[in-house]
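Visitor: Sequence first, predicted coordinates after that:
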Amino acid sequence: MLPVVEKIAIEFSELAPLQMAYRWVDIDHMAYLKLNALARKLDIYIEAMAGVIAGSNDEGATENEVSIRLPSANHLASVSESLARLDKVFGQAMSVLPESPKVTVKRWETGSLWIDILVGSVSGVVLIGGLAWAAACSYKKFQEGRLLEKMSESLGIKNEVLGAIRDGVARSVDEMISAEAARLEAKHSKGKGDPETIQRLQFCIREFYDMIRSGAEIHPSLQAPEDVKNVFPNMEQVFGLPSAQKLLKEHGEGDPSPQDGEG
């Protein structure tokens, strides 16, 4: 029914060889060339239209994408390890949600190690954003500890003090991961207060935290609405990132936080 395709199809079917009611037809070289050219042209148009249709019917909306840049790696084993970690994180995170949304790979940029993951629901994207935010805040705390270590070393502070600083930073990161996991579980989980679910979210935050430390980045889709984008951390400004716990205290426990994707 499409005018361009229909016109070519009619011209194709009206060529002399196709009007002959024989199983085998002898045609000259010029007639063959014209027949072949029209057939190829028809193929090209149909393939292009099929691509447009497939794109418009793609599973899930583009705003439900999460874009992740994997840590730089020169070895296939390192890339494979990062992908395996992502698979575990998304699997564990989606199992927390009541609808258990489906997760699929939409695009894979091998040159820069970018991977676009399509999540089957907005709530799934919001949860991933919350996990990324918690991981980025934990990374911020780790980096602040590193700066404190460097300052202490430059001042000639004793090794036992440096050890205490490292232990304190590690403990602080663990406490933040635990608190953020409990907060996300209370907001997203289908079984409120379930210790196993909290442990799953702790695992997800820890994996994202380790990947961010290695150079990974986690971003929302460019087409995502503003309230969904606000759930994700700005990976270029981690040091200025407020923790969700701090914002909850400032707003009050009953007030929405920008990190919760509620406006």
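Guide: Ah, there it is.
Visitor: only C-alpha atoms for contact and neighbour calcs from this point on.
Guide: Fine.
Visitor: Flag every buried residue along the helix or strand encompassing residue 228.
Guide: Using DSSP states H and E, residue 228 falls within helix 226-229. Judged by neighbour count (16 or more other Cα atoms under 10 Å), helix 226-229 contains these buried residues: 228, 229.
Visitor: Use 27 as the first number for this chain going forward.
Guide: New numbering, starting at 27: the last item is helix 252-255.
Visitor: And the average pLDDT for that helix is what?
Guide: The average of the pLDDT scores along helix 252-255 is 89.
Visitor: tell me which residues in stretch 108-122 are buried?
Guide: In stretch 108-122, counting by 16+ other Cα under 10 Å, buried: 108, 111, 112, 115, 116, 117, 118, 119, 120, 121, 122.
Visitor: And stretch 170-184, by the same measure?
Guide: By 16+ other Cα under 10 Å, the buried positions in stretch 170-184 come out as 171, 174, 175, 178.
Visitor: Check stretch 31-40 too.
Guide: Applying 16+ other Cα under 10 Å to stretch 31-40 flags 31, 34, 38 as buried.
Visitor: Quick one: mean pLDDT over that stretch.
Guide: 81.
Visitor: ok, and what's touching it?
Guide: 45, 61, 64, 65, 67, 68, 71, 72 (Cα atoms under 8 Å, 6 or more residues apart in numbering).
Visitor: Work out for me the element the fifth one sits within.
Guide: Assigned by DSSP H and E, residue 67 belongs to helix 55-82.
Visitor: any idea which helix or strand comes after that helix?
Guide: Counting by DSSP H and E, what follows helix 55-82 is strand 91-95.
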